[in-house]
Each structure stands twice: as C-alpha cells, then as structure tokens.
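Trainee: The following block contains a protein sequence and its predicted model.
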Amino acid sequence: MSKLKIIVVGSGIGGSAAALFLSRLPVQVTILESRPTRSASLAGAVLNFSPNGMAVLSGLGLADTIIQRDNGIEVPAISMYDSSGSFLGKVPHGSKERYGYPSLMTTRWDIHEVLLEDAEKRGIKVRYGAKVRALQESEDGVVVQWSENGEDKESKVDLVVGADGIWSVVRQSVYDHIKSPCPQPTYNGLVGIGGMLKVASISNLDKFINHEKPVVMIHGRNGFFGITLYDSKAENVGWWSTHEAPEKAEGDWQTPKEQTLSEVKRRHSNWAFPVSQIVTAAETDDFEPMVWPSYEVDNLKYWHTNRMILIGDAAHATPPHAGQGASQALEDAAYLAHLLRQLLSSTKLDVLTAMELRSVLSAFQEARQKRVNEIIAEANKRGDGKRELSAIGMFVKKWSMKIFFTFIMKESWLDGWFGYEVPGIHEWL
Ligand SMILES: Cc1cc2nc3c(=O)[nH]c(=O)nc-3n(C[C@H](O)[C@H](O)[C@H](O)COP(=O)(O)OP(=O)(O)OC[C@H]3O[C@@H](n4cnc5c(N)ncnc54)[C@H](O)[C@@H]3O)c2cc1C
C-alpha cells in the first residue's frame, strides 16, 4: 500500500503527540510549526498534568521520562484557603495509587520537550519556522500552503491534522470548505497574571508550601491566587492571580512589569501570608510576569471535513481552570491515531477514499466532543468561582466550600476524568 501522507499543523502538546502516534502507522507524517525553533523556555509557565494525560504518555512509553525530569512534582491533593488565611479543605487531585499515574505540576515546556525529543529520535520531520497560511481541500487531497524562512511552499497530502491551537488557521479552512462562518474564540472576562520565584526568596515560604502541600489555591472576594511548586527539589514556585478584567486588543495585554503588577498588588496586597509577600517579591525579581487572557472555543459544530481534522485547542480551547487542556489534547491525539489504525488495518485498497477518511473523522468528533464539553462546562464553573463577590457571596462560598470539602467530597469525585483510558492506548508499544 502506498503510504498515506499526513501533515500535522502545530507542534504543541497535541500536534507532537499526534505525530508520535501516527509515526507508528504505515503513514508519512510531517509537522509544520511556526515557532522558529524547539527552544525551551518558561514562557509557557506551570501546568497541571493529570493522570489521564500521563496514561496517554505511557502509551508512547514516555510517562517515566516526564516523571524523571528535574521539573515535575506529584500533586495528590490541592489545599484550599480563603484570603484571610482560613483553611477551607484539601481536594484530592489524582494519586498514583488510585489511577496508576500521578498528577504532576510541571512546566508546559517540559511536556513539549519530552514529546519533541522523542519525535527527533524517531526521525519525525518537524519543520520549524513553517507558518501555515492556507489549505484547500479537493476530492483527492489537501493542498497546504505555508511560508518557511521567507519562502512560499506548498504540498498536497491525504490528511491534515489541525493542532494549531486556539487561533487555528486550519479551523478557518475547515469552515471555509464547509462554507459556514467560522466561530471565533471568545474572551470569558477572566485574565491570569503569573510568574515564577525561588522558594528561598521569601522567608518561611518553605513551611507553607512543600512536598506535603505542593499546591495551594486561595479564594477571595476580588479574585483568586494560586501557588505551586513545580520542581522535584521543591526549590521554585509558580504563582498566578486570576481576576476579572475588561477585554483588550491582542497586543495590549502584555504591559510593562510595573503596570502588570500594580493590578495584582491592588487586588492581593492585603491577603494573608504568603500572597502579599509573593507579590512584593515579584516586583524585585528578574522574572517578567506573564499575562494570559482566558479565551475559549466551545462546542464547535464542525471539527472536520473529509480530509482535515481539528484536535486539541483548535477543536475545543479549554479554559485553564480545570487543568485538563493538555490532557485532552493528548487524548485527542491518541484516539485519532487509534481510529486511523483500525481503518488502515481493515482496508486492502492502495488509497483511502475521502469517504473512508470522513467516517473516521466523524467517529472521532462524535466520541470526543461529549467528554470535552463536560470538562469545559466544569472548567467554566470553576472559572466563575474566581469572579468578584459581595461580602455575603464570599461568606456563602467559604462555608459551602468548607462543608463540601469536609463532608461531601470523596476521593472518587474525578474518577471519570483521571481514570479515563483512550481505547487502544496499550497497543502502541
Ligand atoms: C494560562 C493557562 C494555563 C493553563 N493551565 C493548564 C493546566 O494546568 N493543565 C492543562 O492540562 N492545561 C492547561 N492549559 C491549557 C493547555 O495549555 C492547552 O489546552 C494545550 O496546551 C493545548 O495544546 P495544543 O497542542 O492543542 O495547542 P497549543 O499548545 O496552542 O499548540 C499549538 C501549536 O501550533 C503552532 N501554530 C499555531 N498556528 C500555526 C500555523 N499557522 N502554522 C504552524 N504552526 C502553528 C503554535 O506555535 C503552537 O506550537 C492552560 C492554558 C493557559 C492559557
């Protein structure tokens, strides 16, 4: 059989994983990535990586690789407080004993690095500096056009996997092909501002946050503050404030450090230890605070045509409040490859028809969208809990949380998320 040619657009977590799974099939896979290099940086900040995401990495033989890196600390539970320092409860967050894999706090780039290092080892072609501009689909293929180092290039392939994130060009092409207006990402009114610090830069911080209590989340009337360790030696913390803010034009979110931190200071300077101390330390630290407005793409009607399919944030940009976006992108990658493997092993034809591919792509959307929508709904609920509150509203929230965490919540509350296994995940190694 002649090899199916596939282009994956985007080498984020979803695209790299998709290419790694697909490279185990009789297909020819290339990644086009607009970033100029694979360079690692902390700009992607810290990320909670759940046991269900770890289970996908295990399908690629990479779960131990991520666990053994310098960054990454196990988070079996999250400790909740209110802004006056009152303890609200401990929320189980995915233990190794229960799910087979731990929940990890690590950096986004550590996950990228693990995937892309393996892609390099396996000889997968990743073309950096390749920005996809347009895609045109016909009955027998998709012409992908991109610019690479100042040159215009194009290639015709059988299938395109759009893993190009929230501002996806492939999504636009899918909707253009279907002749339907393309839904745009919408701002949900919340912004995150965060940075990184040495634990030692604040006295007694190591007594507040440590291996026994690696992630702390603090709820107040005027927003939310998160603090997390993210390295195995517990020497570094990531912090972030989430609060309401009016929408701005794309280039206006990142403001000079002093201006960015002034809003964080205004909201959190009277919060109990160690919040105000972290904000003060951030002012003199070298680290430039990062700003993440929360955009989302929810319940898209079309994830695919006959030969183009969206995965990860391109299909369902997930608000950060559920800590599941990366894991859902990984689940997408593994499930799409699983369905293609079934199709390739059941056909004797040299060339897959558009209709055969379409049947796989629509089965993919049907199976994945329900799960992802449930997770997005919960993420939005949690995001709403970070909006501004009246004094009475905060009182009700504080006591509801205390009662829920103490008397109602069970360790099994997220079994459906964390215990999920993508069909066929054990058949790749
Ligand atoms: C502040 C914040 C906190 C988060 N916290 C968590 C968390 O704790 N846990 C969690 O699981 N998730 C979290 N997420 C969500 C998670 O980061 C995303 O869901 C996940 O990274 C999506 O991966 P992806 O591969 O689909 O897209 P992306 O990571 O966005 O990757 C897309 C890739 O495509 C490339 N690209 C884009 N356009 C083009 C083009 N035209 N041509 C070529 N390449 C292109 C980009 O350069 C990029 O490399 C968070 C997100 C944010 C914003």
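Mentor: That came through fine. Numbering: from 1, shown residues only.
Trainee: what's the helix or strand for Ala363?
Mentor: Element membership for Ala363 (DSSP states H and E) is helix 354-384.
Trainee: following that helix, which helix or strand comes up?
Mentor: Once the chain leaves helix 354-384, the next helix or strand it forms, by DSSP H and E, is helix 391-403.
Trainee: Next, the buried residues of the helix or strand following that following helix.
Mentor: Going down the chain from helix 391-403, the next helix or strand is helix 415-418, by DSSP H and E. Across helix 415-418, burial judged by 16 or more other Cβ atoms under 10 Å covers Trp417, Phe418. Yep, even glycine has a C-beta here, placed from its N, CA and C like the rest.
Trainee: Then stretch 21-34?
Mentor: 21-25, 27-34.
Trainee: Now do it, average pLDDT.
Mentor: The average pLDDT within stretch 21-34 is 97.
Trainee: what sits up against it?
Mentor: Stretch 21-34 is touched from outside by 1, 3-11, 15-16, 19, 59-60, 119, 122, 124-132, 144, 146, 155, 161, 164, 333-334, 336-338, 340-341, 344, 428, with contacts defined as Cβ atoms under 8 Å, 6 or more residues apart in numbering.
Trainee: What subset of these is buried?
Mentor: The buried subset of those (16+ other Cβ under 10 Å) comprises 4-11, 15-16, 19, 59-60, 119, 124, 126-128, 130, 132, 144, 146, 161, 164, 333-334, 336-338, 340-341, 344, 428.
Trainee: and those residues, which of them are in helices?
Mentor: Among the buried ones among the contacts of stretch 21-34, the ones falling in helices (DSSP state H) are 15-16, 19, 59, 119, 333-334, 336-338, 340-341, 344.
Trainee: ok, now which ones touch Ala55?
Mentor: By Cβ under 8 Å, 6+ apart, the residues touching Ala55 are Ala63, Tyr99, Gly100, Tyr101, Tyr420, Glu421, Val422, Ile425.
Trainee: if I look at His321, how far off is the ligand?
Mentor: Separation of His321 from the ligand (Cβ to the nearest ligand atom, to the nearest Å) stands at 8 Å.
Trainee: Measure how buried that residue is and give me the count.
Mentor: Neighbour count for His321, taken as other Cβ atoms under 10 Å: 23.
Trainee: quick one: contacts for it?
Mentor: The contact partners of His321, taken as Cβ under 8 Å, 6+ apart, are Thr242, Ala379, Asn380, Arg382, Gly383, Lys386.
Trainee: ok, and for stretch 264-281, which residues are buried?
Mentor: Within stretch 264-281, the residues that count as buried by 16+ other Cβ under 10 Å are Val264, Lys265, Arg267, His268, Trp271, Pro274, Val275, Gln277, Ile278, Val279, Ala281.
Trainee: and this protein, which residues reach the ligand?
Mentor: Taking Cβ under 6 Å from any ligand atom as the measure of proximity, the chain contacts the ligand at 9-15, 32-35, 47-48, 108, 131-132, 163-165, 169, 192, 292, 312-313, 318, 320, 323-327, 329.
Trainee: Sort out which of those are in strands and list them.
Mentor: Under the assignment DSSP state E, those contribute Val9, Leu32, Glu33, Leu47, Asn48, Lys131, Val132, Gly192, Trp292 to strands.
Trainee: Bridge partners for the fifth one, pull those for me.
Mentor: In this structure, Asn48 has the following beta-bridge partners (DSSP bridges): Met105.
Trainee: same check, this time on the third one
Mentor: Residues found in beta-bridge contact with Glu33 (criterion: DSSP bridges) are Tyr128.
Trainee: Are we agreed that Leu135 is in a helix?
Mentor: No: Leu135 is assigned strand when assessed by DSSP: H, G, I helix; E, B strand; the rest coil, not a helix.
Trainee: Could I get the pLDDT score of it?
Mentor: The model's pLDDT for Leu135 equals 98.
Trainee: now do Ala43
Mentor: pLDDT at Ala43 comes out at 67.
Trainee: now do the one 3 residues further on
Mentor: The confidence metric pLDDT takes the value 93 at Val46.
Trainee: what's the closest non-adjacent residue to it?
Mentor: Gly238 (3.6 Å; Cβ to Cβ, 6 or more residues apart in numbering).
Trainee: does the one you found have beta-bridge partners, and which?
Mentor: Beta-bridge pairing of Gly238 under DSSP bridges involves Met196, Thr228.
Trainee: Would you mind measuring from it to Met196?
Mentor: Note on Gly238: its distance to Met196, by Cβ to Cβ, to the nearest Å, is 5 Å.
Trainee: More neighbours: those two, which one.
Mentor: Gly238 (23 against 19).
Trainee: what sits against the more buried one?
Mentor: Gly238 sits in contact with Ala45, Val46, Met105, Gly194, Gly195, Met196, Gly226, Ile227, Thr228, Tyr230, where contact means Cβ under 8 Å, 6+ apart.
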